[in-house]
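A.B. asks: Make a model of this:
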Amino acid sequence: MKAQIQHTELENTSTECQKLIVAKQYLDQHCPLEFGSHKDVSSYVVYYNHLMVFFADGQHCGLKNCKQFVALCGHREAPSAILLKKADGMHIELSFDTGCEPGRHDRAHLNDVQYETPLSPVTGTGEALSPMWMSFVSGVQHALVNQQDRKCYRAKNGDDYQL
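C.D. replies: Got it, this is the predicted structure:
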C-alpha cells in the first residue's frame, strides 16, 4: 500500500519535483537527520553554528552528525544555499528559491541539490584534475575550472569557505 501511495505521489508531481524526491532520499542516506526525513522538512535555518530543520508539526532537529554542515550563502534564517560535507569529504549543496520550479512547490523551497563527485580530468591547458558537480534536478555536470567558477560560501565561523 505504501509503495502504491508513493507511486501515485510521483505521478502527481512535476519532473523536477520527482527529482527532488530522489535528492532528498540521497540526503537521508548521506546526511541523515537526528530523526525524520529531509522529505518532510518545511524549513532549513542556521542557528548559531548548527543547521536546524523544522517540520510542519513544529518539531525540529539537527543533522545526526552536526559536523556535516560546513557553510551557507545568504541569511541564517533563510539561506539561499547550504553546504554539507559527506563522510568521504565530497560536498553537497542545497539551493533554495521560492520563485521558480521546483522551489515554489517544495515545502522547504528546495530548488536543487548538487553533489560533488571525485576528481575528473578536464581538458584545456594541460591535464588538470578538478571536482565535478552534478545536479539532481537538471542532470547537468560541470567542473569548477576557473577561479571565477569557484563557489564561495560563508563558513560557520564567518570566514569565507571557497571550493
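A.B. asks: C-alpha from now on. contacts and neighbour counts both.
C.D. replies: Noted.
A.B. asks: Would you mind listing the buried residues in the longest helix along the chain?
C.D. replies: Scanning the chain for the helix with the most residues, using DSSP state H, yields helix 15-30. If you call a residue buried by 16 or more other C-alpha atoms under 10 Å, then helix 15-30 has these buried ones: 16-21, 23-28, 30.
A.B. asks: same check, this time on stretch 66-81
C.D. replies: C66, Q68, F69, V70, A71, L72, C73, R76, P79, S80, A81.
A.B. asks: Of the residues you listed, which pair is most distant in space?
C.D. replies: Distance extremes for those: the farthest pair is C66 and S80 at 19.5 Å, using C-alpha to C-alpha.
A.B. asks: where do the helices sit along the protein?
C.D. replies: Ranges of helices within the chain are 2-11, 15-30, based on DSSP H.
A.B. asks: What's the per-residue pLDDT of M134 here?
C.D. replies: Per-residue confidence at M134 stands at 88 (pLDDT).
A.B. asks: so it makes contact with T117?
C.D. replies: Yes: counting by C-alpha atoms under 8 Å, T117 is a contact partner of M134 at 7.3 Å.
A.B. asks: and which of the buried residues of helix 15-30 is nearest S37?
C.D. replies: Among the buried residues of helix 15-30, D28 lies closest to S37 (C-alpha to C-alpha), at 6.2 Å.
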